[in-house]
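Chemist: Pasting the sequence and the predicted coordinates here, then a few questions.
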Amino acid sequence: MRVHNFNAGPSALPLSALELARDEMLDFEGSGMSILEHSHRGKEYEKVHDEVLGTLRSLMAVPDTHDILLLQGGAHQQFAQIPMNLLSAGQSADYVLTGGWSERAFEEAKNVGSVRLACTTGVDVGGKQVYRRIPKASELALDPNAAYVHITSNNTLFGTQWQTFPETKQPLVIDMSSDIMSRPIDVSKIALIYAGAQKNVGPSGITVVVIRKDLVANGRKDIPKFFRYSTHAKERSLYNTPPTFSVYLARNVLRWITSLGGLAAVEERNRKKTDVLYAAIDARPEFYRCPVERESRSRMNVVFTLPTPELDDKFVNEAKGKSLVGLKGHRSVGGVRVSTYNAVEPASVDALVAFMDDFARANA
């Protein structure tokens with residue numbers, strides 16, 4: 001029996017994507033071997049590779065002004081690769097801090113070049129930075145000459161999300177690792193998007209980068225060739241051996257998204273799931289508390305706490321006994337975290353809400 005999977009990443013994958021991988025595992029499309037065994041230079045794999053690139057472009061409505069890259073190293077590599085490519089000597093980049101991953105991106109960029117803090121919504125609580133909201137546009141103190149402005153669209157640790165992106169004259173760079181393809185966005189207004197695949201696109205192993213072609217062309221040439229975006233754009237992300245099975249599973253996930261009706265349908269599905277969950281939290285404010293300001297609440301990671309840390313732990317443990325797994329909050333934050341990525345079924349959220357009601361009645 002499959003459990004209700006609320007893990008923050010790697011996270012739930014669509015059942016149909018997994019079943020197709022199972023059915024094709026030993027013999028991919030009549031080729032007599034698994035996709036795991038195919039050369040990345042062969043026509044069988046390249047067909048999969050090109051389908052992923054084409055479907056990403058179609059579903060996200062990526063304009064011809066942008067390249068799509070399939071890279072390795074996760075978002076953490078991008079924390080360094082972005083300033084390595086885009087931040088030239090004498091320039092500075094602006095960073096907006098709204099959570100732990102934006103902090104890491106900021107700290108890594110400091111190792112590459114000059115960066116400045118344009119805004120933070122963190123407050124000190126017991127010696128730790130805690131984030132409960134997304135900043136207002138008026139709070140962003142942006143340098144008009146910045147090489148780029150970096151934000152993190154969704155914050156998995158603290159459960160906050162940008163509902164609309166800031167309008168910037170500088171190139172806007174967005175870490176969308178935890179909410180890419182969860183809703184339609186206007187890619188033409190964003191200079192660079194990057195996202196680890198292991199939330200909404202596929203399994204771990206690949207990183208999607210959507211980048212304006214002028215940034216690729218004008219990127220620095222005094223860095224190792226492997227870390228230049230231009231290297232991978234020129235070779236269609238086949239400069240070196242890609243993680244072929246991860247790309248293949250991403251193909252299956254993208255087919256599933258297409259079958260749902262695209263990103264508008266996915267957004268509606270996600271909204272309904274989290275509406276039900278937030279309603280359950282708000283219905284018992286004396287027992288369940290979401291610390292995030294309402295206008296900043298995430299549609300991907302719903303966080304809440306119970307009256308005591310002991311009850312938090314009891315909730316997570318008893319939920320696991322009901323096949324509701326992956327609910328423990330991040331170790332730096334605590335509490336409960338419900339990750340409701342695209343592949344999490346509405347029935348799983350309904351099962352969790354029913355458990356929440358029973359647990360509150362038994363422990364309030």
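Modeler: Now that the structure is in, tell me what you want to look at.
Chemist: Show me the strands in the stretch 151-300 of the chain, by range?
Modeler: Secondary structure of the stretch 151-300 of the chain, counting by DSSP state E, counting those that start in this stretch: strands at 154-155, 160-161, 172-175, 192-196, 207-212.
Chemist: quick one: contacts of the fourth one?
Modeler: The list of residues contacting strand 192-196 from outside it, by C-beta atoms under 8 Å, 6 or more residues apart in numbering, reads 9, 74-75, 78, 82, 86, 148, 171-178, 180, 187, 201, 204, 207-212, 215. The way it works is simple: take the backbone N, C-alpha and C, and place the C-beta from them, glycine included.
Chemist: re the thing from before, the strands of the stretch 151-300 of the chain: which one's closest to Arg104?
Modeler: Nearest to Arg104, of all the strands of the stretch 151-300 of the chain, is strand 172-175, at 9.6 Å by C-beta to C-beta.
Chemist: ok, the closest one: who's next to it in the sheet?
Modeler: Here strand 172-175 is paired, per DSSP bridges, with strand 149-152 (parallel), strand 192-196 (parallel).
Chemist: longest single helix anywhere in the protein?
Modeler: Longest helix in the chain by number of residues (criterion: DSSP state H): helix 263-282.
Chemist: hang on, the earlier thing: ranking the strands paired with strand 172-175 by burial, who's on top?
Modeler: Here the criterion is mean neighbour count by mean count of other C-beta atoms under 10 Å, and of the strands paired with strand 172-175 the winner is strand 149-152, at a mean of 27.
Chemist: Run the chain-centre distance for it.
Modeler: The chain centroid and the centroid of strand 149-152 are separated by 14 Å, computed with C-alpha atoms, centre = their mean, to the nearest Å.
Chemist: who's in contact with it?
Modeler: So strand 149-152 is contacted by 82, 93-96, 98-99, 101-102, 105-106, 109, 118, 140, 142, 162, 165-166, 168, 170-175 (C-beta under 8 Å, 6+ apart).
Chemist: Could you spell out which stretches of the chain belong to which domain?
Modeler: 15-260, 261-363 (automatic domain parsing).
Chemist: what mean pLDDT does the shortest one have?
Modeler: Yep, that's domain 261-363 we're talking about. Averaging pLDDT along domain 261-363 gives 97.
Chemist: quick one: it to chain centroid distance?
Modeler: Counting by C-alpha atoms, centre = their mean, domain 261-363 comes out at 18 Å from the chain centroid.
Chemist: What is the burial count for the closest residue to Lys272 other than its chain neighbours?
Modeler: Spatially, and ignoring its direct neighbours in sequence, Lys272 is nearest to Pro346 (6.6 Å; C-beta to C-beta, 6 or more residues apart in numbering). Look at Pro346: counted by other C-beta atoms under 10 Å, it has 13 neighbours.
Chemist: Fine by me, thanks again.
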